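1. Any chance you could fold what I've pasted below:
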Amino acid sequence: MKTWMELAWRSLLAAGLLAVGADLAVAQGSAAKPEGRAPDTLYQEHCAACHHPQRTGAMGPALLPESLARLRRPEALKVIGEGRVATQMPAFKDKLAAAELQALAQWIYTPVLPAPGWSDADIRASRVETAGAAGWPARPRWRADPMNLFVVVEGGDHHISLVDGDRFEVIHRFPSRYALHGGPKFTPDGRFVFFGSRDGWITKYDLWNLEVVAEVRAGLNMRNVAVSGDGRWVMAANYLPHNVVLFDAQLQLVRHWPTSTADGQSTSRVSAVYDATPRKSFIAAMKDSPELWELAWDGSRLRRTVLDEPLDDFFFDQDYRHAMGATRKRADGTAGAQVVDLDQQRRVAELPIAGMPHLGSGITFAWNGTTVLASPNLEGGIVDVIDMKTWRPVRSIPTPGPGFFMRSHEKTPFAWTDSMMSPTGKDTLTLIDKRTLEVAGRIREPGRTLAHIEFTKDGRYALASVWEMDGALVIYDAATFREVKRLPMKRPVGKYNVWNKITRSEGTSH
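-> Residues are numbered from 1 along each chain as shown. The predicted model follows:
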């Protein structure tokens, strides 16, 4: 069986990404610190061997503006100067002058012109698989309930931890691709999980045998991946190139669709793609054009819904007839959200939500004889609750500040939301009683960021992240709100329960 690094190295050779650039000794530079060299020259001498001459990524991640969107420039400068712990990224502060480090850190945020491409041939050449994977045992190598397993993404050092949801112990830990994004997606038996990275890599991992099955690079900058409810198809949503890409479950390329507008005059980045199992289709929202696409799982059918405004992220009702999406800020500074009927292929309502709702992290639940949608807000310290029959507001629930994630479970009367976007309230979780729509309590981790809740399979325990490098996974009793246990982790940015994901729990994102 191949290690993760062996797979990564093979994929780079297959794609031909290491064919050009300096050797490693040259890439690390000499002890001299000459002044005044242009940043593109510095890059080719010191960076190209690991990050590719066109900055599209090789052994190291892509260094494109799209890929660096969440890395602040001061942090990029720090990484270049000091290196990155537990990776092959060396420190250059003793090899380059301060002005050169600064120039290089600024330059990597500029666009590559002409924009690099990624063809079907590139996709196919990038694919690698582990020999013998088809013969691995169809049972877990570990003792725990495979349906109550948590997959925890540790962004601090780019690892994955697998946690037993009954004993709250780490079963296994392994390295991941750089900057995973969009949440892992599972096959319906819970055996395989698919990870997507911002650099466009899709990794298929066997949770039962604790091994990588296959990898492929779907694009140069990817938003997320979706897996069909029958486990047979995988779709990638790309920023670069502008397309969606369909694979079979073995990550063999089926085809891609350029995201051209209906009139063919322009193309668009893709905001996100999600599986809609009741419809046997994938739903994708365009970021730069007001269109929502529905593609049959096998790619045999494409339906476009043309809207007035693009959707930045979106969410579904439980039968997947309606997609509810947030719109970006308009010229007058306002934003909002809209409801799209996927059968009628048109907008049917405007959601009366101010600020910037994060509908991709919304939840639904029964309340007072109806079903409501509750969503955190990225700009306001509030949770908006909307009646999904009338699409009218029911309640606005105050929180300590703007939040990003909200979670619940069918077997708990409480919804949990963070305020992680708030400078002062980021250390607080707010617990809302779904029966009364009132605040039932708060949990704090003073001075630290507390975020992203997920529940155990039975809803008895809630797991939260202390979102720091010296962070932790904290387990709470969902009825008493008392801490039960904590596991030290490196910035655990997200955790995902297999059962809740594959059953499309009303309390978790889909």
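2. could you say which helix or strand contains the closest residue to Gly299 other than its chain neighbours?
-> Of all residues not flanking Gly299 in the chain, Leu246 sits nearest, at 4.8 Å (CB to CB, 6 or more residues apart in numbering). The C-beta positions use only the backbone N, C-alpha and C, and glycine is treated the same way. Taking DSSP states H and E as the criterion, Leu246 maps to strand 243-248.
3. just checking, what packs against that strand?
-> Using 3 or more CB pairs under 8 Å, 6 or more residues apart in numbering; DSSP states H and E, the elements in contact with strand 243-248 are strand 233-240, strand 253-258, strand 270-276, strand 291-296.
4. Mind listing the strands that strand pairs with, and their directions?
-> Paired strands of strand 243-248, with direction, are strand 233-240 (antiparallel), strand 253-258 (antiparallel) (DSSP bridges).
5. ok, which stretches of the stretch 1-150 of the chain are strands?
-> 128-129, 149-154 (DSSP state E, counting those that start in this stretch).
6. One more: the stretch 251-400 of the chain?
-> Using DSSP E, counting those that start in this stretch, strands in the stretch 251-400 of the chain cover 253-258, 270-276, 281-286, 291-296, 302-306, 313-316, 322-327, 336-341, 346-351, 363-367, 370-375, 382-387, 392-398.
7. re earlier: highest mean neighbour count out of the strands paired with strand 243-248?
-> With neighbours defined as mean count of other CB atoms under 10 Å, the strands paired with strand 243-248 peak in mean count at strand 233-240, which reaches a mean of 26.
8. and that one, what's its mean pLDDT?
-> For strand 233-240, mean pLDDT is 96.
9. quick one: low-confidence parts of the protein?
-> Where the chain drops to pLDDT under 70, the residues are 1-36, 59, 69-70, 85-86, 329-335, 510.
10. Could you chop it up by domain?
-> As assigned by automatic domain parsing, the chain contains the domains 4-107, 120-262+358-502.
11. can you list those in CSV and add distance to Val306?
-> Below are the domains of the chain laid out as CSV (distance: least, CB to CB, whole Å):
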stretch, distance to Val306
domain 4-107, 25
domain 120-262+358-502, 6
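12. just the ones you listed: most buried one?
-> Note that of the domains of the chain, domain 120-262+358-502 is the most buried (mean count of other CB under 10 Å), with a mean of 20.
13. between the strands paired with strand 243-248, which gets nearest to Val493?
-> strand 233-240 (19.2 Å; CB to CB).
14. export the closest one as PDB, just CAs?
-> What follows is strand 233-240, C-alpha atoms only, in PDB (Å, rounded to 0.1, in the frame of the first residue of the first chain):
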ATOM      1  CA  TRP A 233     -20.800   9.800  -8.900                       C
ATOM      2  CA  VAL A 234     -18.600  12.700  -7.700                       C
ATOM      3  CA  MET A 235     -18.900  16.300  -8.900                       C
ATOM      4  CA  ALA A 236     -16.400  19.100  -8.400                       C
ATOM      5  CA  ALA A 237     -17.100  22.900  -8.500                       C
ATOM      6  CA  ASN A 238     -14.200  25.000  -9.700                       C
ATOM      7  CA  TYR A 239     -13.200  28.600  -9.600                       C
ATOM      8  CA  LEU A 240     -10.300  27.900 -12.000                       C
END
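15. any idea how far that strand is from the chain center?
-> In terms of CA atoms, centre = their mean, to the nearest Å, the centre of strand 233-240 is found 12 Å from the chain centre.
16. so which of the helices and strands packed on strand 243-248 gets nearest Lys501?
-> Closest among the helices and strands packed on strand 243-248, once you apply CB to CB, is strand 270-276, at 10.6 Å.
17. what's that closest one in contact with?
-> 182, 185, 223-229, 235-239, 242-244, 259, 282-287, 294, 310-314, 316, 320, 342, 360, 510 (CB atoms under 8 Å, 6 or more residues apart in numbering).
18. got the buried residues for that strand?
-> Val270, Ser271, Ala272, Val273, Tyr274, Asp275, Ala276 (16 or more other CB atoms under 10 Å).
19. Put together TSV for those, with distance to Ser505 on each row.
-> TSV is the format used below for the buried residues of strand 270-276 (distance: CB to CB, whole Å):
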residue	distance to Ser505
Val270	26
Ser271	23
Ala272	19
Val273	20
Tyr274	15
Asp275	14
Ala276	16
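20. so which of the helices and strands packed on strand 243-248 gets nearest Asp157?
-> strand 233-240 (25.0 Å).
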